[in-house]
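Student: coords please:
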Amino acid sequence: MKVNSQIVAISFFRFEGIFQKLWAFSQMGLARKKLKNIKEISFFKLFGSGTGEGFTPYPNTSVYAILSVWNSLSIAESTIHERAVYENYRSHSVENWTVFLSPISSTGYWDKANPFKPVKSVTDLDEKMLAALTRATIKPKIMLKFWSKVPAISKVIGNDKNVLFKMGLGEIPWFHQVTFSIWPNSTAMSNFARKDGPHAKAIKSVREGNWFSEELYARFEVKKAIGKWCGKKVI
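Tutor: From the prediction side, this is the model:
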């Protein structure tokens, strides 16, 4: 039986200067058509980010990202390297970093569908570098309550020595939120998720209060990364 080889790529870009930041902001609308015309992409999203490590309600005008889904690593890497839309982002940014991921598990919905197709069987997860992605549409009536919980979670994840990378992203500011983090193995990831603290309390509040109108939780094996972030290779 053929093993699924779907690859999810997330490309991060940092911009400096008012004109480059304005250009990046404009691409939240203008780049959609260009990405839609790339037939090799089965699903994509454009993101802005929050300040600090991204887990705040305050927009960061310097950092933007593109999530894209492909049928293989080779296709993803070559197309991202060659296509003009990605080259334009790289040429306007001061640094960029792309991580390539293989889905392990994915539950829930994103725009009424689940775009990720996990590999049927993955073993030795405690020996593999993993990434976690959560995506949620926040109900307007609980927006303030939700964002009151986030700073405490941000502090905890920022202090966790095991997290290799973390970023909070958004499709629509305040309402459509994505969290993305990379961990050295499944044990480190699970320990953070299960730890009694702000994160666990927030999850409990979400479940009891039915805060989200749509949500998705996915885990990935980290396959490869190219570029630099904050002036160094992340992984």
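Student: now the closest residue to residue 115 other than its chain neighbours, which residues is it bridged with?
Tutor: In this structure, residue 115 finds its nearest non-sequential neighbour in residue 43, 3.9 Å apart by C-beta to C-beta, 6 or more residues apart in numbering. (C-beta placed from N, C-alpha, C; glycine too.) Applying DSSP bridges to residue 43 gives these bridge partners: residue 69.
Student: Just give me the neighbour total for residue 43.
Tutor: For residue 43, the count of nearby residues is 16 (other C-beta atoms under 10 Å).
Student: again, but for residue 22
Tutor: Residue 22: 12 neighbours (other C-beta under 10 Å).
Student: Could you tell me whether residue 96 really is in a strand?
Tutor: Yes - the assignment for residue 96 (DSSP: H, G, I helix; E, B strand; the rest coil) places it in a strand.
Student: picking up where we left off before, and the residue nearest to residue 115, what is it in contact with?
Tutor: 67-69, 115 (C-beta atoms under 8 Å, 6 or more residues apart in numbering).
Student: same thing with residue 44?
Tutor: By C-beta under 8 Å, 6+ apart, the residues touching residue 44 are 35-36, 66-69.
Student: which phi and psi does residue 37 have?
Tutor: Backbone torsions for residue 37, taken as degrees, to the nearest 10, come to phi -80, psi -10.
Student: Quick check: next helix or strand after the lowest-mean-pLDDT helix or strand in the chain?
Tutor: For the chain, using mean pLDDT, DSSP states H and E, the weakest element among its helices and strands is helix 198-209, scoring a mean of 54. Counting by DSSP states H and E, the next helix or strand C-terminal to helix 198-209 is strand 212-227.
Student: Sort out which residues of that next one are buried, please.
Tutor: Using 16 or more other C-beta atoms under 10 Å as the test for burial, strand 212-227 gives 212, 215-216, 218-223, 225, 227.
Student: Output the residues you listed in a markdown table, with distance to residue 110 appended to each entry.
Tutor: Converted to a markdown table, the buried residues of strand 212-227 look like this (distance: C-beta to C-beta, whole Å):
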| residue | distance to residue 110 |
| --- | --- |
| 212 | 12 |
| 215 | 9 |
| 216 | 5 |
| 218 | 9 |
| 219 | 15 |
| 220 | 14 |
| 221 | 20 |
| 222 | 20 |
| 223 | 21 |
| 225 | 23 |
| 227 | 25 |
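Student: Out of the contacts of residue 43, which one has the weakest pLDDT?
Tutor: Note: of the contacts of residue 43, the lowest pLDDT belongs to residue 115, at 95.
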